[in-house]
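K.L.:
next come a sequence and a model predicted from it.
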Amino acid sequence: MLFRQTLTADTTGAVRGVSWMVASSMFYALIYVVVRGLAEKFDVNQIVFFRAVLGSAFMLPWLFAVGISALRTSKLKLYLWRMFFSYIGAVAWMYGIAGMPLADANALMFTMPLFTLVLAAIMLSERPGVHRWSATVVGFAGALIILRPGMIEISFAAVATLFAAAAFSAALIGSKKLTATENPNAMVFYLYTLMIPCAALGAYFNWTPPGLDDAPLLIALGLCTVGAQQCQTRAFRAAPASLVVIVNYVQLPLIALLGWMIFGQSTDLFTWIGAAVICSSTYYVSYREGRRAAEKARQKAP
């Protein structure tokens with residue numbers, strides 16, 4: 001009976017985790033489309049500013065419901081660390097979205113877990129084993145398949161996208177430390193609210209006044225931004241990372257399809273091969289982490 005109850009609970013958690021990650025992937029796919037549409041009129045720094053303002057505004061109902069006390073924290077420095085790398089990552093990411101096919105930009109962003117492993121080894125003094133280092137090398141080889149240095153010219157947008165993946169990885173390390181004690185909603189609110197002054201400074205120099213006809217895309221940007229973060233957080237809470245990370249790769253075909261339907265973009269074979277290599281290596285890293293965590297839990301069990 002106990003085994004059956006445990007199995008049922010695990011299955012329910014897995015279904016919830018997969019469902020949340022599917023929703024997150026759909027939101028992220030729409031973000032690529034919305035940003036590409038906005039980039040036809042606005043500078044990327046201004047889009048980042050819009051995203052920060054709207055992300056913060058869409059969290060205000062939660063703040064009014066729970067009260068200002070929900071924002072009490074002793075980890076402001078860590079929040080600022082996370083905001084800074086999220087900000088420069090967002091600017092670089094949107095340069096990539098604006099300057100290259102959406103599917104290519106998305107495929108290169110899948111290197112983020114690999115950058116996280118490298119940065120964790122440097123900044124947190126973690127000691128990845130040979131399996132994880134090997135998977136990381138293979139993953140970056142997948143990025144080279146997409147970029148094809150020496151065969152085609154590497155664009156600034158592609159370099160910016162890889163930089164974005166590295167910057168978001170640094171932000172993720174801050175997020176991992178915060179999730180141990182901080183409220184997830186407060187983390188989202190702090191991220192975008194603290195980003196507003198930085199983003200406003202960047203947007204000031206190339207400001208284009210938005211019109212009423214821009215409202216639908218701007219509202220969609222805010223909704224998709226908050227929706228993606230909220231769904232992803234709940235996915236990783238409900239199910240093991242090694243499971244939900246696979247579902248995250250649904251983004252690529254979704255974005256490729258939307259890019260083709262809306263912007264007439266095509267995706268070459270090298271992008272799909274490179275993405276497959278990157279996705280396989282990041283899944284392997286996630287799978288190994290899941291096994292290690294499960295083994296530690298068994299050792300601690302009485």
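P.N.:
Yep, it's here.

K.L.:
so the closest residue to residue 249 other than its chain neighbours: helix, strand or coil?
P.N.:
Nearest non-adjacent residue to residue 249, counting by CB to CB, 6 or more residues apart in numbering: residue 279, 4.9 Å away. Any C-beta I mention is one placed from the backbone N, CA and C, and that applies to glycine too. At residue 279 the chain is in helix, as set by DSSP: H, G, I helix; E, B strand; the rest coil.

K.L.:
what about residue 279, distance to residue 269?
P.N.:
According to CB to CB, to the nearest Å, residue 279 and residue 269 sit 16 Å apart.

K.L.:
do I have it right that the residue nearest to residue 249 meets residue 111?
P.N.:
No - with contact taken as CB atoms under 8 Å, residue 279 and residue 111 are classed as non-touching, separated by 10.2 Å.

K.L.:
ok, those two, which is more surrounded?
P.N.:
residue 111 (25 against 20; other CB atoms under 10 Å).

K.L.:
any weak-confidence spans in the stretch 151-300 of the chain?
P.N.:
151-153, 240-243, 245-246, 285-300 (pLDDT under 70).

K.L.:
which residues of it fall in strands?
P.N.:
Taking DSSP state E, counting those that start in this stretch as the criterion, the stretch 151-300 of the chain contains no strands.

K.L.:
ranges for the helices of it?
P.N.:
156-178, 184-204, 215-238, 241-248, 251-263, 269-300 (DSSP state H, counting those that start in this stretch).

K.L.:
in the third one, what counts as buried?
P.N.:
Going by neighbour count (16 or more other CB atoms under 10 Å), the buried part of helix 215-238 is 217-218, 220-236, 238.

K.L.:
helices or strands up against that helix?
P.N.:
helix 2-39, helix 44-57, helix 184-204, helix 241-248 (3 or more CB pairs under 8 Å, 6 or more residues apart in numbering; DSSP states H and E).
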